[in-house]
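Undergrad: quick one, fold the following:
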Amino acid sequence: MANAARKKESQGFDLNNIGEAITVALSSVTVKDKAIFSRQFAAMFNAGVGMLRCLSVLNDQCSNPRLKKALTQIRGEVEEGGSLATAMEKHPSCFDKLYTSMVAAGEVGGVLDEVLNRLAMLLEKSAKIQNELKSAMAYPQTVGGIAVVIFLGMTIFLLPIFAGIFKQLGAELPMFTQIMMNISYFLRGPTLPVEDPEAESWLELRNYYIVVFVGILIGIVFLIMQYYKTPAGRYQIDAIMLKLPIFGDLIEKTAVANFCNVFGTLTRSGVPILNSMEIVRDTAGNSVIAAAIEYAKEQIQSGGSISEAFREKGVMPVLAVQMMSIGEETGELDQMLIKVGQFYEDEVEQAIKALTSMLEPLMIVVIGGMVGSILLSMYLPMFAVMDQIK
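TA: The predicted structure follows:
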């Protein structure tokens, strides 16, 4: 009996562990999670609460399974005498190189609370930009999805009914209506009957065309994805992204704001400039800008200036380069970078608002064109019927 009970408990324990592992694996630590953690950690540490006590409280109130597990292990290592930054480095899915480097600088300089506050501000800015981008794209995605559903519904179900009525009346379908009918035949699945003898030849080829079209589409997407994985392909595609109308400007401004905020915060927190350049290079998000940052790092090692390196590469706006140059001349590069980052944050916000205001009428035009094409294909045969009546 005792052995059976222990076996049952062991099985239950194993199942609990498996369930916990799955929960942790499926969870992810968001920018917002790290921002809240940093802000609360800084507030408690600044109030004189010991580090171990801070980690215990943060662990108890943490709702993210992955972060909670990481904090448990981090607290254990710190309790054994390890540094906070070293413990965090063992959890890259929760704390990236940017985070751990700043924490390490804060520990060495005895200003961990200030560094945590700067991290919180930096992460909050990043989360704000991400939320604004998501909000800007939510409207066109929703409206576009509804428009596609309406278009497919009218094309697949409504248009064939009207076309059948006109054929019974002896009207010859205009070219545009016939094209729309062919699209309808193409979209209708094998389970949907098509009551049109003239469509049999088209239907025989439909499955072939579908297979060919889907195969070509998958092949193109696969080739692009594979090409993007290569350094040259990633660089070329990222360069194209920067040159896109409207979106390219938004991508550039977002990258500049991110670079200035991160680089300025790192240098202000005491992280060595070369290490800071490596971190911002890895978090650039665009290989063209990352290459320019790497070039600037090489120039610094050779005794050159950051602003001159970016001026040569031409990937940064002129205003940002000029402000960096002034910061280097006055010895206040970190403060100037923070100001430039704030300026381009506002620029990103304005660009997102402009993009949203432009997408709204554009979506109306697209929806009008989709619905209008269906209505036109249904009304054109009416003129043929009216001519026959006359």
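Undergrad: any idea how many residues pack against Ser63?
TA: Counted with other CB atoms under 10 Å, the neighbours of Ser63 add up to 9. The way it works is simple: take the backbone N, C-alpha and C, and place the C-beta from them, glycine included.
Undergrad: ok, it to Ser28 distance?
TA: Using CB to CB, to the nearest Å, Ser63 is found at 13 Å from Ser28.
Undergrad: also Phe259?
TA: Relative to Ser28, Phe259 is positioned 24 Å away (CB to CB).
Undergrad: which residue is the nearest non-sequential neighbour of the residue positioned nearest the centre of the chain?
TA: Central residue of the chain (CA atoms, centre = their mean): Gln130, 7.5 Å from the mean position. Closest residue in space to Gln130, ignoring its immediate chain neighbours: Val31 at 6.6 Å, by CB to CB, 6 or more residues apart in numbering.
Undergrad: right, and the one you found touches Ser126 too?
TA: Yes - counting by CB atoms under 8 Å, Ser126 is a contact partner of Val31 at 5.2 Å.
Undergrad: those two: who's more crowded?
TA: Remark: of Val31 and Ser126, Ser126 carries more neighbours, 21 against 17, as counted by other CB under 10 Å.
Undergrad: ok, that one to Thr254 distance?
TA: From Ser126 over to Thr254 the distance is 10 Å, taken as CB to CB.
Undergrad: helices and strands around the host helix or strand of Ala163, which ones?
TA: When elements are assigned from DSSP states H and E, Ala163 belongs to helix 159-168. For helix 159-168, the packing partners by 3 or more CB pairs under 8 Å, 6 or more residues apart in numbering; DSSP states H and E come out as helix 175-187, helix 333-389.
Undergrad: what angle sits between that helix and helix 175-187?
TA: 130 degrees (axes from the mean of the first three to the mean of the last three CA atoms, to 10 degrees).
Undergrad: what mean pLDDT does helix 159-168 have?
TA: The pLDDT scores in helix 159-168 average 79.
Undergrad: the closest residue to Lys167 other than its chain neighbours: what secondary structure?
TA: Closest residue in space to Lys167, ignoring its immediate chain neighbours: Leu173 at 7.1 Å, by CB to CB, 6+ apart. Classification of Leu173 using DSSP: H, G, I helix; E, B strand; the rest coil returns coil.
Undergrad: go on, Pro92?
TA: Put simply, Pro92 is coil when judged by three-state DSSP.
Undergrad: number of residues surrounding it?
TA: 12.
Undergrad: can you give me the domain boundaries for this structure?
TA: Residue ranges for each domain of the chain read 17-117, 126-173+230-390, as given by automatic domain parsing.
Undergrad: nearest to Tyr185, of those domains?
TA: Closest to Tyr185 of the domains of the chain is domain 126-173+230-390 (CB to CB; 8.3 Å).
Undergrad: give me the distance from the closest one to the chain's centre.
TA: Mean C-alpha position of domain 126-173+230-390 versus that of the full chain (CA atoms, centre = their mean, to the nearest Å) differs by 10 Å.
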